[in-house]
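J.: just a sequence and a predicted model for now, questions to come.
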Amino acid sequence: MTGEQAVALATAYFDSGEFRRLLARRIALATESQRHDDDAGILLYLEQEIMPPLRALGFELQLFDNPEAVNRPFLIAVRIEDPSLPTLLSYGHGDVVFGDDENWRAGLSPWELSEEGDRWYGRGSADNKGQHSINLAALEQVFHARGGKLGFNSKLIFEMGEEISSPGLAAICQQQRELLQADLFIASDGPRLNATQPTLFLGSRGCINFRLSIHARDNAYHSGNWGGLLSNPGTQLANAIASLVNQHGQLQVAALKPAPLDDNLRAILRDLSVGSQAGDPAIDENWGEAGLTPSERLYGWNTLEVLAYQTGNPARPMNAIPGSATAVCQLRFVVGTDWQNLVNHVQQHLQLHGFGYVEVEWLHGSPATRLNPQDPLVPWALEILQQTSGKKPALLPNLGGSLPNDVFADTLGLPTLWIPHSYPACGQHGVNEHMLKSIAREGLQIMTRLFWELGENGSTILAQRRAGESS
């Protein structure tokens with residue numbers, strides 16, 4: 001059996017309709033992690049859809065209670081063929097966001113797979129049931145092609161709370177570090193660069209949400225009787241925010257800016273085109289950091305966004321000076337940013353610009369990660385993507401959004417490769433979520449070839465990594 005033959009078997013499996021039937025069954029389970037009135041369905045997804053096929057492949061399975069969220073368990077699956085073989089860790093999440101049933105287009109339901117042209121509609125089709133189902137199917141195809149072997153050791157961790165910010169994931173990985181010990185990490189989540197180009201990304205930008213508030217007084221006062229005499233928190237906060245990010249969307253807090261892009265990163269980002277696909281919004285060319293291309297602004301720089309702003313009652317404005325104002329802001333950032341000291345940096349910047357009365361509150365945050373693009377695993381994976389698809393793949397140093405990649409890269413210390421099977425216009429987290437059949441088919445082919453090659457050449461490529469680290 002060759003890699004090409006294994007891919008041919010996977011293609012035949014997909015074309016038979018078996019993958020579609022499997023995905024339809026999984027979409028039918030409403031695994032909304034933000035709800036607590038159907039917790040039984042959360043566990044059912046693992047017990048009915050994930051554990052049986054893994055058990056058939058010879059995995060040993062363990063369910064763990066979530067140390068931080070009730071009824072959002074973890075599944076860890078382990079298959080050791082030979083301790084001397086490379087060990088792969090992968091990941092998936094079976095929970096989804098709210099179905100939002102009543103707002104889907106007529107004829108569509110979040111809990112029923114519907115096919116229209118190249119689209120498979122259903123909640124979780126793109127995030128993340130469709131994606132981890134592709135990877136599990138690829139493992140099965142390699143297992144059968146090798147006559148009951150993978151050619152490497154395999155471990156998987158599944159969570160059921162990713163859509164509520166992965167409570168307990170870091171803790172369970174810390175507690176089970178030995179059980180999850182591996183040589184590399186490969187998983188699928190997030191979107192490709194676009195619908196047609198296979199994509200590899202090496203980490204994700206970090207994200208911090210923080211609140212700015214001004215509490216001037218307990219009551220609002222008539223604007224005619226007191227205007228010009230009482231400070232207006234709404235006006236003050238607007239000016240305070242303008243000192244943090246200017247009218248062109250450019251971050252003004254020097255301590256929260258990243259280091260300038262180096263030549264290697266610029267070379268990677270030079271080949272990327274963002275916002276050019278049907279259905280994408282038009283990019284505002286004069287928005288964001290000056291002197292950077294759109295891809296450099298998205299994948300190589302930090303951005304500060306205002307997510308929500310409120311003063312007075314926007315729904316029923318009165319002729320009164322409001323007593324308070326508040327805004328929720330967000331910093332998306334790349335590796336190298338002093339993100340853990342954001343509150344101090346923002347406070348100092350505001351103090352310097354005359355806004356020392358603005359309160360700054362940290363809400364939540366996650367770190368940025370990025371595997372070195374020069375790591376030998378990167379060209380190895382890119383070559384497999386190109387050979388399998390016949391297309392030049394896109395390499396993203398990190399995803400523009402955020403994933404819990406720090407748990408795998410930092411807590412477990414693994415080189416991380418993400419190969420997404422979705423695309424930006426998939427409707428993720430919105431109504432009419434869908435997966436493209438063409439991407440699913442190509443994704444299955446790519447992952448089958450990748451797992452096959454890991455069994456063929458994994459020891460060699462990992463030896464190259466170790467040699468590079470020691471030199």
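T.: That came in fine, so what should we check first? For clarity, every value in this text was computed on a predicted model and none was experimentally measured. Numbers count the residues shown, from 1 in each chain.

J.: need the residue closest to the centroid of the chain.
T.: Closest to where the C-alpha atoms of the chain average out (Cα atoms, centre = their mean) is residue 403, at 3.5 Å.

J.: is it true that that residue touches residue 189?
T.: Yes. If you go by Cβ atoms under 8 Å, residue 403 and residue 189 touch, sitting 5.9 Å apart. Placement of C-beta: from N, CA and C, glycine included.

J.: which neighbours do the two share?
T.: Counting by Cβ atoms under 8 Å, 6 or more residues apart in numbering, the common neighbours of residue 403 and residue 189 are residue 418.

J.: secondary structure element for the residue of the chain positioned farthest from its centre, which one?
T.: What lies farthest from the middle of the chain is residue 225; by Cα atoms, centre = their mean that is 51.5 Å. Assessed by DSSP states H and E, residue 225 sits inside helix 223-226.

J.: can you show me the CA trace of that helix as PDB?
T.: The C-alpha trace of helix 223-226 is given here as PDB (Å, rounded to 0.1, in the frame of the first residue of the first chain):
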ATOM      1  CA  SER A 223     -28.400  69.300  30.300                       C
ATOM      2  CA  GLY A 224     -29.900  72.800  30.100                       C
ATOM      3  CA  ASN A 225     -29.500  73.600  33.700                       C
ATOM      4  CA  TRP A 226     -26.100  72.000  34.200                       C
END
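
J.: what's next to that helix, contact-wise?
T.: Outside helix 223-226, the residues within contact range by Cβ under 8 Å, 6+ apart are 319-321.

J.: which one of those residues sits in the busiest neighbourhood?
T.: Highest neighbour count within the contacts of helix 223-226, by other Cβ atoms under 10 Å: residue 321, with 26 neighbours.

J.: could you pull out the helices for the stretch 301-450 of the chain?
T.: 342-352, 377-389, 405-406, 437-470 (DSSP state H, counting those that start in this stretch).

J.: out of these, which is the most enclosed?
T.: Mean neighbours per residue, mean count of other Cβ atoms under 10 Å, is largest over these for helix 405-406, with a mean of 24.

J.: average model confidence for it?
T.: Across helix 405-406, pLDDT averages out at 96.

J.: please apply the same query to stretch 326-345.
T.: The average pLDDT for stretch 326-345 rounds to 97.

J.: residue ranges with poor pLDDT in this protein?
T.: Applying pLDDT under 70 to the chain flags residues 471.

J.: for stretch 202-218, the distance to its chain's centre please.
T.: Distance of stretch 202-218 from the chain centroid (Cα atoms, centre = their mean, to the nearest Å) equals 20 Å.

J.: kindly report the same for stretch 310-324.
T.: Taking mean C-alpha positions (Cα atoms, centre = their mean), stretch 310-324 and its chain are 37 Å apart.

J.: show me what counts as buried in it.
T.: The neighbour-count check on stretch 310-324 (16 or more other Cβ atoms under 10 Å) flags 311-312, 320-324 as buried.

J.: re earlier: make JSON lines from the contacts of helix 223-226 and add distance to residue 437 to it.
T.: Converted to JSON lines, the contacts of helix 223-226 look like this (distance: Cβ to Cβ, whole Å):
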{"residue": "319", "distance to residue 437": "57"}
{"residue": "320", "distance to residue 437": "56"}
{"residue": "321", "distance to residue 437": "57"}
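
J.: in strands only, show me the residues you listed.
T.: In strands, defined here by DSSP state E, the members of these are 320-321.

J.: nearest to residue 430, of the contacts of helix 223-226?
T.: Closest approach to residue 430 among those (Cβ to Cβ): residue 320, at 36.7 Å.

J.: contact partners for that closest one?
T.: Residues in contact with residue 320 (Cβ under 8 Å, 6+ apart) are 220-223, 312.

J.: pull out the buried members of the residues you listed.
T.: Among the contacts of residue 320, those buried by neighbour count (16+ other Cβ under 10 Å) are 220, 312.

J.: and the contacts of residue 320, which two are the farthest apart?
T.: Greatest spacing in the contacts of residue 320, by Cβ to Cβ: 222 and 312 (12.8 Å).

J.: count the residues that sit near the closest residue to residue 364 other than its chain neighbours.
T.: Once flanking residues are discounted, residue 364 sits nearest to residue 209: 5.6 Å by Cβ to Cβ, 6 or more residues apart in numbering. Other residues lying near residue 209 total 15 when counted by other Cβ under 10 Å.
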